[in-house]
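Q: predicted model and sequence follow; I will ask about them next.
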Amino acid sequence: MTRTVLLALDTSTEFCSVALLSAASAASVAAGAPASEPRVWVRHEATGAVSSTRLLPAIRELFDEADLALADCDAIAFGAGPGSFTGLRTATGVAQGLAFGLNCPVVPIGTLLACAESARLRDPSVRRVVAALDARMDEVYWADFAWDEAEGEWRTIQPASLDSPDLLSLPEVPFTLAGNAAAAFGARLAASAVAQAVDGLALPHALPLAFAALRAWRAGRTVPAELAAPEYVRDKVAQTTAERMAEKAEKAAKAAEANETTAAAGTAEPANAGDTAQVEQAPGAQQPAQPASGREAASASAARSGPQGEGGR
């Protein structure tokens, strides 16, 4: 094809975001073809925690709208993180699965870089961006990017990090603060007070992700499908498979030990009762008196009082 077709996915937030981009291929531009504006088709829907159920249908809808086939896809980009752990795994898994089937590479794009790209799409004069997202647990995901005009690409000044909102290292030059951290932390986020501009709408989205991925694709910054992986940043909130298995085994061992202790205690009581019964029923031993029935008690009473009663009559 004379055009590059790129699919971009992001489910790092409560939105299911998909973009399909068709642009002149690098080879055709190098050969002298005019570099027309890319065509894009987008779905960006608030799905909450169920983005996985909407992602594949949205992809199919975009290809139908663009009158393209999935086989036309040259690369698949995904929001690698940081963000919702479940959402990152969803986007990574779908991108990986599609790329395996199509035998095409994947383009991991950081969600903070997507925020910076979004800020620049909204304001082309932006040159420096601190992207900061609410990471929950009273922390912030953040990174610092500078636009290199000569290269036409972002340079990473500070890679994706996790810090308290008051510990961000801020640039000494004018910058735009992108992301939702300003809204989440207010005055506690010092960057809000010193930023040249605050763009709270520059958030993870498949459209800016697709534009960043197109440049990465043309520069050869891709990975094979089997190497696609999320960028959690906050690694220790999610346990590894080995850690989960070890914890499960420990719980099972404790439960088994508790069951054995309960069973041993329960067995001891019947054994003592049995021993007592055997002693009471041993040959030659006096049997304990049994309570008499009502009729037997009445007969015994009559037998004792009979002579006196007869004499009285």
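A: Structure's in. What do you need? Residues are numbered from 1 along each chain as shown.
Q: buried residues in the helix or strand containing Gln96, which are they?
A: Take DSSP states H and E as the rule and Gln96 turns out to sit in helix 85-102. If you call a residue buried by 16 or more other CB atoms under 10 Å, then helix 85-102 has these buried ones: 87-96, 98-99, 102. The way it works is simple: take the backbone N, C-alpha and C, and place the C-beta from them, glycine included.
Q: ditto for stretch 159-170
A: Result for stretch 159-170 [16+ other CB under 10 Å]: buried residues 160-162, 165, 168.
Q: which of those fall within strands?
A: In strands, defined here by DSSP state E, the members of these are 160-162.
Q: follow-up on the earlier one: any idea which of the buried residues of helix 85-102 is closest to Leu56?
A: Val94 (7.0 Å; CB to CB).
Q: which stretches of the stretch 101-250 of the chain aren't confidently modelled?
A: The model of the stretch 101-250 of the chain has pLDDT under 70 over residues 236-244, 247.
Q: what does the helix holding Gln96 contact?
A: For helix 85-102, the external contacting residues (CB atoms under 8 Å, 6 or more residues apart in numbering) are 7, 9-13, 49, 51-52, 55-56, 59, 70-71, 73, 75-82, 105-106, 224-226, 228-232, 237-238.
Q: which ones among those residues map onto helices?
A: If you go by DSSP state H, the contacts of helix 85-102 have 51-52, 55-56, 59 in helices.
Q: need the buried ones from these selected in PyMOL.
A: Applying 16+ other CB under 10 Å to these, the buried members can be selected in PyMOL as follows:
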select buried, resi 51+52+55+59
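Q: would you reformat the ones in helices among the contacts of helix 85-102 as TSV and include pLDDT and distance to Arg215?
A: Output for these, formatted as TSV (pLDDT from 0 to 100; distance: CB to CB, whole Å):
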residue	pLDDT	distance to Arg215
Ser51	91	26
Ser52	91	28
Leu55	97	24
Leu56	97	27
Ile59	98	22
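Q: can you pull out the strands in the stretch 51-200 of the chain?
A: Applying DSSP state E, counting those that start in this stretch to the stretch 51-200 of the chain gives strands spanning 75-81, 106-110, 128-134, 140-148, 153-163, 176-178, 197-199.
Q: what is the orientation angle of the longest one with strand 128-134?
A: On the basis of axes from the mean of the first three to the mean of the last three CA atoms, to 10 degrees, strand 153-163 is oriented at 30 degrees to strand 128-134.
Q: residues touching strand 153-163, excluding its own?
A: 81-82, 110, 112-113, 116-117, 135, 139-148, 169, 171, 212, 215, 219, 231, 233-234.
Q: nice, that's everything, thank you.
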